[in-house]
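Asks: sequence below, structure please.
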Amino acid sequence: MSALLSQLGINSQLQHALKDLKITVATDIQEKVIPIILNQKEDVVALAKTGTGKTAAFGLPLLQTVDVTNNSIQTLILSPTRELSQQIYNNLVAFATQLPEVSIVLLSGGSPLKAQVASLQATTHIVVATPGRLLDLLEKKALDISTLKNIVLDEADEMFQALKEDLMPILKALPKNRRTLLFSATMPGELKEIVHNYMSKNVISVQSDMATVGHEGIDHHYIVVDPIEKLDVLLHFLNQQAGGRGIIFCKTKAAVNKLAKNLAIRKISSGALHGSLSQGIRDRIMEQFREGHIDTLVATDLVARGIDVKELAYVVNYHLPDTHEAYVHRSGRTGRAGAKGLSMTIIQEEEVAEIAGFEKELSIQFKPVKKSNAEDLQWNNTLVWAKKVFKTKPNREVPEDVKHQIKTIFHHLTKEELVDKVLANYLAEHKQ
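Replies: All right, here's what the predicted structure looks like:
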């Protein structure tokens, strides 16, 4: 039986905030990590999948141990993306509502540098940052981390894969007497080297229930297609998922833009998310997605790391990821908090051999799904076209006399006859 957070040594102020947030029962990683951070001094390596409550696992004990009589920065939390940093910051602020003397600052790209420098002039106990922005501020000598007591490396596998050039100078600048808390979904070889070189020899290793957490409740499917029909197969899948929300992953920004454009042309409710977009645009798209105004996100791996939206029905791997770790993070966007989820991978024949590697490394089983035949795909495209017509707004620039003449041509037709003629015209143009 899972422990209550109140049984793990969390103080009354934090317990009160957690009660207001309706958080009472500890997750597996929280139950294992919180007492260690509170009661011991060693470095920690914690392996846990996405959606397992890692932010509270390190955030609650680090908030509790802040020395408010000390005005220097005591804890630095690094995460790979702006979205994830914002999410961690928001969670910490929510946890600390009964700790008004604890100061938390967010440092990430997309926000004015000058404003962030100004915020650091006041007392700051905890900094949540992305590596690039933190390095920029360190080089400008805008903050002092020489008295740092704790550093958290969240989603460490992703950071060292995508942001190593920014991270290494930061690690070298850290004081030797700090405590390092590393949280990761996977432990690739490169990350093991970092643990060996930058963490103490007496590091405590903690592992959440990796056999089930992160995969439990997720069905892993793949479908083999010819390159020319990839978009049609995706459209057919999305039509089957009507009413559900999800994320489509592409390898590159260019691929995200191209696919998002194809969906927009068909008036499919979607938005694109990648690192070249301004923070304002990314925030607006994420807000629309969270509020349900957008059903589908098309995203690259890195920016999707901060997406923690409940009740996502599916993820689609429009391109097979380069690493097993990336697949873990992609599929982990769905099936969260005990819900069911679907991870669908659309691949070409020459990629089928790679599936066995993902199954072996991640201890999961993929189910092959037979693609629909050409006729079904064509009829699905017809439905996509019909929905597009339905969602098209009237053109207000058409002269009234022209509209009147067109109405005169069609006025004697019933609705059914008009639909039949318009549909026949579409089918003739598309040679179905």
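Asks: make it CA atoms for all contacts and neighbour counts henceforth
Replies: Fine.
Asks: the helices in the stretch 151-300 of the chain, which residues?
Replies: 156-162, 164-173, 189-198, 230-240, 253-265, 279-290 (DSSP state H, counting those that start in this stretch).
Asks: enumerate the positions of the second one that are buried.
Replies: Of the residues in helix 164-173, those buried by neighbour count under the rule 16 or more other CA atoms under 10 Å are Asp166, Leu167, Ile170.
Asks: about what we covered before: now the helices of the stretch 151-300 of the chain as TSV including mean pLDDT?
Replies: Converted to TSV, the helices of the stretch 151-300 of the chain look like this (pLDDT from 0 to 100):
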stretch	mean pLDDT
helix 156-162	80
helix 164-173	86
helix 189-198	81
helix 230-240	91
helix 253-265	92
helix 279-290	83
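Asks: quick one on the thing from earlier: format the buried residues of helix 164-173 as a markdown table; extra columns: distance to Ser331.
Replies: Below are the buried residues of helix 164-173 laid out as a markdown table (distance: CA to CA, whole Å):
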| residue | distance to Ser331 |
| --- | --- |
| Asp166 | 27 |
| Leu167 | 26 |
| Ile170 | 30 |
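Asks: and which of these is nearest to Val66?
Replies: Lowest distance from Val66 to the buried residues of helix 164-173 (CA to CA) belongs to Ile170, with 22.0 Å.
Asks: and Phe23, that's in a strand?
Replies: For residue 23 the amino acid is Ile, not Phe. No - membership of Ile23 in a strand is not supported by DSSP: H, G, I helix; E, B strand; the rest coil, which gives coil.
Asks: what is the burial count for it?
Replies: 13 (other CA atoms under 10 Å).
Asks: next: the one 10 residues further on.
Replies: Using other CA under 10 Å, Val33 is surrounded by 25 other residues.
Asks: alpha carbons only: can I get the helix or strand where it lies in CSV?
Replies: Assigned by DSSP states H and E, Val33 belongs to helix 28-39. These are the backbone C-alpha positions of helix 28-39, laid out as CSV (Å, rounded to 0.1, in the frame of the first residue of the first chain):
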residue,chain,number,x,y,z
ASP,A,28,6.6,5.0,-5.6
ILE,A,29,9.4,7.4,-6.4
GLN,A,30,8.3,10.0,-3.8
GLU,A,31,8.1,7.3,-1.1
LYS,A,32,11.6,6.2,-1.9
VAL,A,33,13.3,9.6,-2.5
ILE,A,34,11.8,12.1,-0.1
PRO,A,35,13.1,10.4,3.2
ILE,A,36,16.6,10.1,1.6
ILE,A,37,16.8,13.8,0.7
LEU,A,38,15.4,14.9,4.1
ASN,A,39,17.5,12.6,6.3
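Asks: how about the strands in the stretch 51-200 of the chain?
Replies: When secondary structure is read from DSSP state E, counting those that start in this stretch, the stretch 51-200 of the chain shows strands at 75-78, 104-107, 126-129, 150-153, 179-184.
Asks: any idea of the mean pLDDT for the third one?
Replies: Mean pLDDT, taken over the full extent of strand 126-129, equals 96.
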